[in-house]
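Undergrad: quick one: sequence plus predicted model below, questions after.
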Amino acid sequence: MISTRGRYAIRVMIDLAEHENGSNIPLKDIAARQEISKKYLEIIVKDLVSAGLVTGVSGKGGGYRLCQKPEDIRIGEILELMEGTLSSVACLAGQTNECPRRSECQTLPMWKEYDQMVHSFFHGKTLKDLMSQPASPQSSE
């Protein structure tokens, strides 16, 4: 399951892309538009800045802006930054979770295939793909 943190990070990035006008965008404006706590967004944008996806400037005229064009930023990149691995099972999440049954596990190929589909799906989408898309009627975000 994708956490609130991951979903909000995508929303922040889309907001920055849609409101790009050559100047920095104040976090309070993003928070108001997205109806997300400014305090919570401060934590999220700190990680986005550290990863080089967003640049931030303090003080008068300060705010945030994207470091790349929306078509160059993959949704999978944002999610992996916020969520860590998107692996479905612990044994595929990294070297520290090496399973002793790996060589005889009959379900491992299925999990690998599933993880590849998830990776391809999220890395196949960019911020540009999501910009100005209307929410579906059953959406709660």
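TA: Okay, I see it.

Undergrad: how about the strands in this structure?
TA: Along the chain, the stretches classed as strands by DSSP state E are 54-57, 63-66.

Undergrad: and the last one, what does it pack onto?
TA: Right, the one you point to is strand 63-66. Packing partners of strand 63-66 (3 or more CB pairs under 8 Å, 6 or more residues apart in numbering; DSSP states H and E): helix 4-18, helix 27-34, helix 38-50, strand 54-57. To be clear about C-beta, it is placed using only N, CA and C from the backbone, and glycine gets the same treatment.

Undergrad: just give me the residue right at the centre of this structure.
TA: With distances taken as CA atoms, centre = their mean, I78 lies nearest the centre of the chain, 2.8 Å away.

Undergrad: how far away is that residue from I25?
TA: When CB to CB, to the nearest Å is the yardstick, I78 and I25 sit 17 Å from each other.

Undergrad: what do you get for G124?
TA: Using CB to CB, G124 is found at 27 Å from I25.

Undergrad: who's more crowded, those two?
TA: I25 (21 against 11; other CB atoms under 10 Å).

Undergrad: and of the strands of the chain, who's closest to K38?
TA: strand 63-66 (12.1 Å; CB to CB).

Undergrad: average pLDDT across that closest one?
TA: Here strand 63-66 scores 96 as its mean pLDDT.

Undergrad: stretch 100-116: end-to-end distance?
TA: Using CA to CA, to the nearest Å, the end-to-end distance of stretch 100-116 comes out at 22 Å.

Undergrad: what's around the nearest residue to E42 once chain neighbours are set aside, how many residues?
TA: Using CB to CB, 6 or more residues apart in numbering and skipping residues adjacent in sequence, the residue nearest E42 is L27, 6.7 Å away. Residues near L27, counting by other CB under 10 Å, number 20.

Undergrad: just E71 next, same as before
TA: The burial metric for E71, expressed as a neighbour count using other CB under 10 Å, is 12.

Undergrad: the nearest residue to it once chain neighbours are set aside: what's it in contact with?
TA: Using CB to CB, 6+ apart and skipping residues adjacent in sequence, the residue nearest E71 is K128, 4.1 Å away. Going by CB atoms under 8 Å, 6 or more residues apart in numbering, K128 touches A17, K69, P70, E71.
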